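J.: model this:
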Amino acid sequence: MNYPVVKGAGYALIHAPEMAFHQGTTPITERRNRPDSEYLEKLPGHLRGFEEAVRYAPNQVYIGNMMPDELKELPRPWYENSPQQASRDGKYGEVMPEDEFIGLIKVVDAFDLVVLEESFQESVKAKLAEHPAVRGLKFLAKLDSGSVEDKDIAELVDKKIAVPIYFNSKVVGCVKRAHEFDSALSAHVMLENLVSKASASLGLMFLLEKSGLHAGDVDYIIECSEEACGDMNQRGGGNFAKAIGEICGCDNATGSDTRGFCAAPAHALVEAAALVQSGVFKNVVVLAGGSSAKLAMNSRDHIKKGMPVLEDMIGAFAIHIGENDGVNPVIRTDMIGRHRIGSGASPQAVIQAIVYDPLERMGMKITEIDRFSPEMQNPEITEPAGAGDVPNANYKMIAALGVKKGFFKREELLKAVDEFGMPGFAPTQGHIPSGVPFIGFARDMILAQQIKRAMIIGKGSLFLGRLTDLFDGISLIIEQNTGKRETELGKEEIRQIVAEAMRDFAKTIAGDK
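T.: Residues are numbered from 1 along each chain as shown. All right, here's what the predicted structure looks like:
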């Protein structure tokens, strides 16, 4: 079978402490209900500076400057023991500072909703004009005009027409509402959606820069974030995908949005693989931006424990799925794991459906998968909030079921977890940690023959939408390319093969007589 391949990956992190304080759902809710709370008073003092965020080891892993396994050797807490020397530039992307990202939000704004203060706009324009991945954008010209004075921004905010944008505790701009009455086009929602669009665009820019994929060669884009853009008549109508492709110069592409809470990236990868293998499209990009709403989500617990607020990062990624080239790792479309509606909701039932069913269907053992990438949330973020070490919990369930099936001895469980697992390193932005952060590493490790196979696992909580109490999950296996490609036969070749077969058949019949 001519499987599709993973041809490249791009990853981006945006350090956004001011957005965490002003746009994160937890601080917003607290500000509305308890504006004088001790939590809000302490929050600014626990926000990290840019250099501290860059040095943080899990962030260095996310952009490709460290391997996930290196976190095993690093003493916890990582925020106190991360390397002192680190770069914002990584193998797969970068950590972008908040001021540059605010400039990028204006660059991707198609309806002049983003207004920036004059001196601030000039400063970020100069920085983005030198940025290797951004400087070639034709839309960068949006920073040439439209800036205003402080008093103009204050007037828009005071009239409730816009929400302010902050940098270094100062208002440097605002985002205006897109409609006077439509709550789906309110200033707050527009800021959220523009954050998602800008961060996804950045992820795509890094994919194009790091992998060598040409924007004009992209045929289809699948956007799989947890945001929804639309108006009051169709609140989730979309289409983020084409809007992002437009920014990055993918003029030959079309696209659409896929939604599935945390599991959406894995669903989107399966869709991309199917589109490529079927021959509908040659080059498909799966991408997603991050969520400003989820910034500082667990900050209350971090502050109680005297920690920095680690949820100050907006995440993004972009993955290129293309036709089999005989080199890059393939996606085994005949081994897709899925949580069916009737699979059951227990942890064992979920792991059986997503992890073991596709392997058992093909007669493969769990020990033939070298690495698993489930929900890769950073445990230093989730543990203080009582959610535990999410990746490790998944690994233990996989191994425990393996013990029950006879693949491991009970005393080998933790050893198995250590061998096929890895520490979580992704920001807790729902869909961002869901399997995909490891794809860049998996591709490189397979190409270097360090591993043969990796399983990417997406899991989701569909009950969050209050339409069903079902869980969700889907998995795919990426494995070493055999170097053999099937080629499409032409009509003349098919005619010759059929003719030869008919001649052989006729000779056989004649011999029998």
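J.: ok, now which ones touch D150?
T.: E117, V171 (CB atoms under 8 Å, 6 or more residues apart in numbering). The way it works is simple: take the backbone N, C-alpha and C, and place the C-beta from them, glycine included.
J.: Next, find the distance separating V390 from V195.
T.: From V390 across to V195, the span is 24 Å (CB to CB, to the nearest Å).
J.: Same check on A385?
T.: For A385, the distance to V195 equals 23 Å [CB to CB].
J.: Which one's more surrounded, those two?
T.: More crowded of A385 and V195, by other CB atoms under 10 Å: V195, with 28 against 17.
J.: who touches the nearest residue to that one once chain neighbours are set aside in this structure?
T.: Excluding its sequence neighbours, the residue lying closest to V195 (CB to CB, 6 or more residues apart in numbering) is S292, at 4.4 Å. Neighbour list for S292: A16, M19, Q23, G24, L191, E192, V195, S196, I314 [criterion: CB under 8 Å, 6+ apart].
J.: which of those residues are buried?
T.: Neighbour-count burial (16 or more other CB atoms under 10 Å) is assigned, among those, to A16, M19, Q23, G24, L191, E192, V195, S196, I314.
J.: and which of these is nearest H179?
T.: Proximity of those to H179 (CB to CB) peaks at L191, which lies at 14.3 Å.
J.: Tell me the pLDDT of that closest one.
T.: Listed pLDDT for L191 reads 98.
J.: Check I474 too.
T.: For I474, the predicted pLDDT is 97.
J.: what number of residues lie near the spatially closest residue to it that is not a sequence neighbour?
T.: Closest residue to I474 apart from its sequence neighbours, by CB to CB, 6+ apart: A266 at 4.7 Å. For A266, the count of nearby residues is 32 (other CB under 10 Å).
J.: separation between A266 and I457?
T.: 7 Å.
J.: overlap in contacts of these two?
T.: S434, G435, G473, I474, S475.
J.: The first one against G458, yeah?
T.: Yes - checked against CB atoms under 8 Å, the pair S434 and G458 is within contact range at 4.6 Å.
J.: what is in contact with the two at once?
T.: With CB under 8 Å, 6+ apart, S434 and G458 have common neighbours C262, A263, A264, P265, A266.
J.: Distance check, the last one against Q23.
T.: Here A266 is placed at a distance of 27 Å from Q23 (CB to CB).
J.: Same check on the first one?
T.: C262 sits 21 Å away from Q23, taking CB to CB as the criterion.
J.: average pLDDT for stretch 167-183?
T.: Mean predicted lDDT for stretch 167-183 stands at 97.
J.: Dump it to CSV, keeping only the CA atoms.
T.: Taking Å, rounded to 0.1, in the frame of the first residue of the first chain, the C-alpha atoms of stretch 167-183 are listed here in CSV:
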residue,chain,number,x,y,z
PHE,A,167,2.6,45.1,27.0
ASN,A,168,4.8,45.6,30.0
SER,A,169,1.8,46.7,32.1
LYS,A,170,0.9,49.5,29.6
VAL,A,171,-2.0,49.7,27.1
VAL,A,172,-0.4,49.6,23.6
GLY,A,173,-3.4,48.9,21.5
CYS,A,174,-6.9,47.5,21.4
VAL,A,175,-9.2,45.1,19.4
LYS,A,176,-12.5,46.6,18.3
ARG,A,177,-15.7,44.7,18.1
ALA,A,178,-16.7,43.6,14.6
HIS,A,179,-20.5,44.2,15.1
GLU,A,180,-22.5,46.4,17.3
PHE,A,181,-24.9,43.7,18.6
ASP,A,182,-23.5,40.3,17.6
SER,A,183,-21.9,38.6,20.7
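J.: Identify the residues contacting it?
T.: 18, 44, 98-99, 102, 105-106, 111, 113-117, 120-121, 150, 153-154, 156-157, 161-166, 185-187, 189-191, 194, 231-232.
J.: Just those residues: which are in helices?
T.: Applying DSSP state H to the contacts of stretch 167-183, the entries found in helices are 18, 98-99, 102, 105-106, 120-121, 150, 153-154, 156-157, 187, 189-191, 194.
J.: PyMOL command to pick out the buried ones of those residues?
T.: If you want just the buried ones from the ones in helices among the contacts of stretch 167-183 in PyMOL, going by 16+ other CB under 10 Å, the selection is:
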select buried, resi 18+98+99+102+105+106+120+121+153+156+157+187+189+190+191+194
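J.: Identify the residues contacting R361.
T.: Contacts of R361 by CB under 8 Å, 6+ apart are M335.
J.: Give me the distance between it and I354.
T.: Taking CB to CB, one finds R361 at 12 Å from I354.
J.: Now do the SS call for the spatially most central residue of the chain.
T.: Central residue of the chain (CA atoms, centre = their mean): I432, 3.8 Å from the mean position. Following DSSP: H, G, I helix; E, B strand; the rest coil, we place I432 in the coil state.
J.: Skipping its backbone neighbours, what lies nearest it in space?
T.: G315 (3.9 Å).
J.: Which pLDDT does the model give the one you found?
T.: 98.
J.: F425 is in contact with that one, correct?
T.: No - here G315 does not reach F425: they are 10.7 Å apart, not a contact under CB under 8 Å.
J.: between those two, what contacts are shared?
T.: Y62.
J.: Now do the helices in the stretch 151-300 of the chain.
T.: For the stretch 151-300 of the chain, the helices defined by DSSP state H, counting those that start in this stretch cover 187-211, 240-247, 264-277, 299-304.
J.: I'd like to know which of the ones you listed lies nearest to V327.
T.: If you check each of the helices of the stretch 151-300 of the chain against V327 by CB to CB, helix 187-211 wins as the nearest, at 13.2 Å.
J.: can you give me the angle the closest one makes with helix 150-158?
T.: Between helix 187-211 and helix 150-158, the angle comes out at 120 degrees (axes from the mean of the first three to the mean of the last three CA atoms, to 10 degrees).
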